[in-house]
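K.L.:
quick one, structure for this:
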Amino acid sequence: MPLIDSRGTYVTIDDVQLAAEGNTGDTSVMTFTVSLVGNTSSDFTIDFATSDETASAGSDYVATSGQRAFAPGEASKTIDVTVNGDTLSENHETFAVTLSNSGNVILFDATGQGTIVDDDQIAGLDFQGFTQGPGGPPDPTAAAGPNNLVGMVNFDIGIWNKNGTVVEIQTLDDFFEEVDQD
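P.N.:
I've put the predicted structure just below:
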């Protein structure tokens with residue numbers, strides 16, 4: 001059991017924000033710093049473990065746990081957490097690194113929050129144009145992108161031709177009719 005300096009000895013862990021998560025297949029490392037404030041006259045260990053907040057272990061980051069040992073005179077240790085990139089447009093996501101079992105050393109700030117900053121562009125829908133073959137219905141050409149949609153998006157489309165006649169376009173199981181624009 002460590003002897004604690006009379007002025008108080010405690011540990012803290014910082015919060016870390018990753019500037020950009022990267023794409024699918026990319027990995028980055030977030031480094032958390034565990035700081036010792038005060039002095040101990042003997043070695044002590046502290047346990048740590050990650051846990052999900054809005055980020056999910058396995059897909060967003062690699063869950064990790066372990067122990068860090070401090071010797072007298074050491075002021076800090078680091079904990080590395082691997083972050084997995086993706087190409088989903090989503091909100092920034094968070095996970096926690098929690099310290100525990102520090103013996104007689106006070107856990108002043110025992111939870112570090114890791115923020116994975118989403119760097120993916122919002123998906124969109126770009127209509128490139130409409131063509132109509134002989135005797136056939138209009139053939140709209142649209143490009144979705146640049147990334148995967150996380151949820152459904154509703155939008156309205158106003159369509160007319162230069163003669164001001166009704167244009168009808170089938171969208172899934174429905175039809176859209178635009179009134180004469182003249």
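
K.L.:
tally of neighbours for the closest residue to residue 101 other than its chain neighbours?
P.N.:
What sits nearest to residue 101 in space, not counting adjacent residues and going by C-beta to C-beta, 6 or more residues apart in numbering, is residue 47, at 4.4 Å. C-beta here means a position set from N, CA and C on the backbone, and glycine is covered the same way. If you count neighbours by other C-beta atoms under 10 Å, residue 47 ends up with 13.

K.L.:
any idea how far residue 88 is from residue 55?
P.N.:
When C-beta to C-beta, to the nearest Å is the yardstick, residue 55 and residue 88 sit 12 Å from each other.

K.L.:
that older thread, list the contacts for the residue nearest to residue 101?
P.N.:
Listed by C-beta atoms under 8 Å, 6 or more residues apart in numbering, the contact partners of residue 47 are 65, 66, 67, 99, 100, 101, 102.

K.L.:
just the buried residues from these, in ChimeraX please.
P.N.:
Listed next is the ChimeraX selection for buried residues among these, using 16 or more other C-beta atoms under 10 Å:
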select :99,102
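
K.L.:
out of the contacts of residue 47, who's nearest residue 35?
P.N.:
When the contacts of residue 47 are compared for distance to residue 35 (C-beta to C-beta), residue 99 wins out at 10.9 Å.

K.L.:
what strand or helix carries the closest one?
P.N.:
strand 93-100 (DSSP states H and E).

K.L.:
many thanks, we can stop here.
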